[in-house]
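K.L.:
using only what follows, build the 3D model:
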Amino acid sequence: MKKYIFSILFLSVNFLVPFQLSARPSQQQDHQKNYNSCLHGYSGCDSSSLTDAERTQVQQAARQRNYSACLHGYSGCDSSQLTEGEQTLVQQAAHQRNYSACLHGYSGCNSVQLTATEREAVSAGKRNGAVDSATPGQDATPSQDATPPRYYTNSAGERVQSPTYSKTVPAGATAQCRDGTYSFSRNHRGTCSHHGGVSKWLD
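P.N.:
Model (predicted):
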């Protein structure tokens, strides 16, 4: 009887082991998918199934996304999560954006935040713009197309071109902003938020 029981147990173990082994790759794939979702801040992330090391990496990635959002003035920025050094850089970036907005005559310019030197540059730019527009055969905004494109990293970790001026619709543009720039945003939320809002969607 004992031999009979042992043989049944032996056969049961040998029968179940292949199923357990075949289930592991699938479990590993599911775990990796969940980890990637958490790492990029996607919905469906189950942080309870992460290892301690993975949880640390996910937290670091979330901090980096938040810092990038704050640095570029995007919605969703939580400045309370920034270090003192990051807050300083974010403030400098916001000042630079405001100065650029004033310099190019964009909506959202706050001239009160400009330094005396920046105010003089803005005034000089307006005078030069008036002269250019009065000169026949010349483009009133020659410098706009000459500006090299800038890029930012969105919440999904993708490198995206910042809103850019162009005489024609550039490849990859998804919307035209009210200030005339073209946006390359991958989703509609927050598009053209610092450029007067969306004039028309192109995607």
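K.L.:
hey, let's count contacts and neighbours off CA atoms from now on
P.N.:
OK.
K.L.:
nearest residue to the middle of this protein?
P.N.:
A centroid search over the chain (Cα atoms, centre = their mean) returns N154, at 1.6 Å, as the residue closest to the centre.
K.L.:
that one and A124: what is the separation?
P.N.:
Distance, N154 to A124, by Cα to Cα, to the nearest Å: 35 Å.
K.L.:
hmm, Q161 and the residue nearest to the centre of the chain touching each other?
P.N.:
No - using Cα atoms under 8 Å, N154 and Q161 do not qualify as a contacting pair, with a distance of 9.9 Å.
K.L.:
now the element after the lowest-mean-pLDDT helix or strand in the chain, going C-ward?
P.N.:
Per-element confidence for the chain was summarised using mean pLDDT, DSSP states H and E. The lowest value among helices and strands belongs to helix 142-146, with a mean of 44. Using DSSP states H and E, the helix or strand that follows helix 142-146 in sequence is strand 151-153.
K.L.:
direction included, what does that following strand pair up with?
P.N.:
Take DSSP bridges as the rule and strand 151-153 pairs in its sheet with strand 159-161 (antiparallel).
K.L.:
run through who's touching the partner strand.
P.N.:
Judged by Cα atoms under 8 Å, 6 or more residues apart in numbering, the contacts made with strand 159-161 from elsewhere in the structure are P149, R150, Y151, Y152, T153, N154, S183, F184, S185, R186.
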